[in-house]
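A.B. asks: Take this sequence and fold it.
(2 chains)
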Amino acid sequence: MEPDTPYSDLSGRQEPAVIAQQFTQALEIIESHLHTRAQTPSTLPGNHEQQKVLLNILDTIKTSQQHVLEISEGKLDSPISLKGPLGGALKNLQSNLQSNLRHLTWKTEAIAKGDFSQKVDFLHEFSVAFNSMVSELAEAKKTLLVQSEEIQKTNASLFISNKQYKSLILESPVSICVVQDGKIILTNPAFLHLLHVDNQEKIMNQPFLQFIHQGNKRHFLENMSRYAEYGGSWNTFEEEMKTTDGTSLSIEIIITKIVFESEPSTLFLLHDITERKKNEYMILSSLQEKEILLKEVYHRVKNNMQIIWSLLSMQSNKVQDETIKRYFTECQNRVQSLALVHENLYQTDNLRDINYGQYLSQLSAHLFETYQVNADDVTLVLKSENEIISQKKAVPCSLIVNELVSNSLKYAFKPGEVGTISIEFSYDTKLGAYTLEYRDTGPGIPPEISPDTAQTLGMQLIYGLTRQLSGTVFLENDRGAHYIIRFPQDSGNDESCTSKIKESL
Amino acid sequence: MKPRDKFIFTWDFIGDSVEGRPNLGALVPIEIYRIMHYCFREVVEEQFGTEQGEKLIYEAGKKAGFAFFNHVLPKTTSHQDFIMNLQNALRDLKIGIFRVERGDLDGPLIIASISEDLDCSGLPELGYGVCTYDEGILAGVFEKYTGKKCQVKEIDCWCTGDRTCRFSIEFFSDSI
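C.D. replies: Purely as a prediction, here's the structure:
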């Protein structure tokens, strides 16, 4: 801006008062430029030279303000035209800021690349915050690295674990499949092989029910709903299934609830039991056949014994001698006692064990009838809590009972005399042995008869058959004959049991 | 006094200032350095011309850079540590405030600034840069560390009105 002529010194001289006024005006203009963004007035005080100086001062103020504004706005490349200390200070400011910012940028880039050793030692408070941030970043990176290592380790471990589980499922000979909402979502090769599936994709997301045999679908659904209703860790049932080509299979299904891919699912383990079921059926058929045969054998034995009994009876009728006749009768009774055992045997469920209480009742009734004993005279007291005895033990035991009852009926009671026969048959679980306690109210064994050396067939049979049963006989006269015969249940345990039995008597 | 064939700078020429200057110490005012530097420079340029003189000053700086690297800077193979060591050494020895502004030691170019530079800070604005000796020192130091040839050029100088000296340090694939 060129100085205006009104301020030109025309006279060349000025009064001191005017000079002072002009100086004051100049100061006011400078002050207004320093404190405000005032426009340079069109007229300036003083002469031409003074106006030039004032203009220069105003221009310096404006230029300085402009530079400071640019620096504050971050424009650090603008050339600073001002000379002298003010220009130098502005250049220093601009240059230092530029250098600091560039260096800061470089340091930030280095930090971004992971160099956390970078520190800032300028910009005062900012440097403290910046360095603190870098330290925290370094710490954070360390923590992240540690966490990353842990994650990597966990991932590696998970990978191995996944691999092992995958291998476990893929190589399992058991057919495995996972079902979600009734649809198959995972299978293993064994499952595909079992159901003759050539392509896994064909059955994915298909209902599991399609592999259940038509007639068994209701049974399958009942089992599934029962499991769903009552829960439990797993459930096992057998089902008829069919392969993709229609082959029927007997399958043992084990189901358990699992969570697969975050969804509630059912794990199916299938075991082909088709062969086992066939074998079971064959064994069952064979067993039934053998049972029928065994029944038939018992029946025939019983019938044959009846024939023997009848033959002896017919033969007995031809004999006049009462002693011989009695022998026949005794023999017939022994045959009958055995026939009764076989009759009971073929009527039992397992063709092995008979209800001995029932048997003793039948045998006693037969003997009472044979010896024509009036039930009003001789009372039979029978106690047996439905004890079960095997056929092997029943035969000798029955012959013993036959002898005991026959002896009592023959010798203990005179005709018309009142008496009692007590038979108690029981099983002692502690001893593992049967006890036959027999008693009559007759005169007892005559003193001249030594039971174990007696030559009578009856006594020989009682002692001989007891030995055969690995048992012991206790005999005393206690208001009549009193026998306690004890023998073990299990033949394999006979010896140890016999010694216990001996101790017990 | 015996005549010498050739002057060769070794670290021995730094001498033992503690023994040699027990009263005055190791430090001298910056004026003395600049008197020596610029008078020496004037003579060199008078004798060999501006271009050749600059070259001689640059080479002398480079020798100083080698010695500086070998005797002052701690040994390291870490780029970060090297830059930090250089920054600290230049500041501690009051040569200047060294700051890398751009690039890194794995790249072909680094831009670095030196504020309050020993050679030029406070000089009048001359319109041209005067820090040729600094160029040589930086070249010597960076060549020694990287093992690669490098060319250092001052791009801003106090004397050009920039207040902060700025250098481009360019690396070449040739080994030194």
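
A.B. asks: In this structure A:Gly444 contacts A:Tyr483, no?
C.D. replies: No. Using Cβ atoms under 8 Å, A:Gly444 is not in contact with A:Tyr483, being 10.9 Å away. For glycine as for every other residue, the C-beta is placed from the backbone atoms N, C-alpha and C.

A.B. asks: In terms of neighbours, single out the busier of the two.
C.D. replies: A:Tyr483 (21 against 17; other Cβ atoms under 10 Å in any protein chain shown).

A.B. asks: For the more buried one, pull up the helix or strand it's in.
C.D. replies: Using DSSP states H and E, A:Tyr483 falls within strand A:481-488.

A.B. asks: Which parts of the stretch 151-300 of chain A are helices?
C.D. replies: Secondary structure of the stretch 151-300 of chain A, counting by DSSP state H, counting those that start in this stretch: helices at A:189-194, A:200-203, A:217-230, A:274-317.

A.B. asks: Need those in JSON lines (columns: distance to A:Leu90, mean pLDDT and mean neighbour count).
C.D. replies: As requested, the helices of the stretch 151-300 of chain A are exported to JSON lines (distance: least, Cβ to Cβ, whole Å; pLDDT from 0 to 100; neighbours: other Cβ atoms under 10 Å in any protein chain shown):
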{"stretch": "helix A:189-194", "distance to A:Leu90": "83", "mean pLDDT": "93", "mean neighbour count": "19"}
{"stretch": "helix A:200-203", "distance to A:Leu90": "78", "mean pLDDT": "90", "mean neighbour count": "13"}
{"stretch": "helix A:217-230", "distance to A:Leu90": "86", "mean pLDDT": "85", "mean neighbour count": "13"}
{"stretch": "helix A:274-317", "distance to A:Leu90": "100", "mean pLDDT": "89", "mean neighbour count": "13"}
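
A.B. asks: what number of residues lie near B:Gly161?
C.D. replies: Neighbour tally, B:Gly161, other Cβ under 10 Å: 19.

A.B. asks: Next, the contact list for it, please.
C.D. replies: Contacts of B:Gly161 were listed using Cβ atoms under 8 Å, 6 or more residues apart in numbering or on different chains, and they are A:79-80, A:91, B:125, B:127.

A.B. asks: Give me the phi and psi for it.
C.D. replies: B:Gly161 adopts backbone torsions of phi 90, psi 10, taken as degrees, to the nearest 10.

A.B. asks: any weak-confidence spans in chain A?
C.D. replies: In the predicted model, chain A carries pLDDT under 70 at residues A:1-14, A:231-232, A:491-505.

A.B. asks: Only the buried residues of stretch A:259-276, if you could.
C.D. replies: Using 16 or more other Cβ atoms under 10 Å in any protein chain shown as the burial criterion, the residues of stretch A:259-276 that qualify are A:265-273.

A.B. asks: Just give me the closest of those residues to chain B.
C.D. replies: Of all the buried residues of stretch A:259-276, the one with the least separation from chain B (Cβ to the nearest Cβ) is A:Ser265, at 54.8 Å.

A.B. asks: my read: the closest one touches A:Gly182, true?
C.D. replies: No. Counting by Cβ under 8 Å, A:Ser265 stays clear of A:Gly182, with 10.5 Å between them.

A.B. asks: now B:Phe98, what's its secondary structure?
C.D. replies: strand (DSSP: H, G, I helix; E, B strand; the rest coil).

A.B. asks: Dig out what it forms beta bridges with.
C.D. replies: B:Ile114 (DSSP bridges).

A.B. asks: which ones are touching it?
C.D. replies: B:86-87, B:90-91, B:112-114.

A.B. asks: Which members of those residues are classed as buried?
C.D. replies: Burial by neighbour count, 16+ other Cβ under 10 Å: within the contacts of B:Phe98 this picks out B:86-87, B:90, B:112-114.

A.B. asks: Relative to A:Gly419, how far out is the nearest residue to A:Ser316 once chain neighbours are set aside?
C.D. replies: Computed as Cβ to Cβ, 6 or more residues apart in numbering or on different chains, the closest residue to A:Ser316 that is not its neighbour in sequence is A:Phe328, at 3.6 Å. Per Cβ to Cβ, to the nearest Å, A:Phe328 is found 26 Å from A:Gly419.

A.B. asks: Figure out the length between the terminal residues of stretch B:149-165.
C.D. replies: Stretch B:149-165 has an end-to-end distance of 22 Å (Cα to Cα, to the nearest Å).

A.B. asks: what is the mean pLDDT for that stretch?
C.D. replies: For stretch B:149-165, the per-residue pLDDT values average out at 92.

A.B. asks: Show me what counts as buried in the longest strand along chain B.
C.D. replies: Criterion DSSP state E: the longest strand present in chain B is strand B:165-175. Residues B:165-171 are the ones in strand B:165-175 that count as buried (16+ other Cβ under 10 Å).

A.B. asks: ok, residues contacting that strand?
C.D. replies: The contact list for strand B:165-175, computed with Cβ under 8 Å, 6+ apart, reads A:99, B:96, B:101, B:103, B:107-115, B:117, B:120, B:129, B:131, B:134-135, B:138-139, B:142, B:146-158.

A.B. asks: just how off-centre is that strand within its chain?
C.D. replies: In terms of Cα atoms, centre = their mean, to the nearest Å, the centre of strand B:165-175 is found 14 Å from the chain centre.
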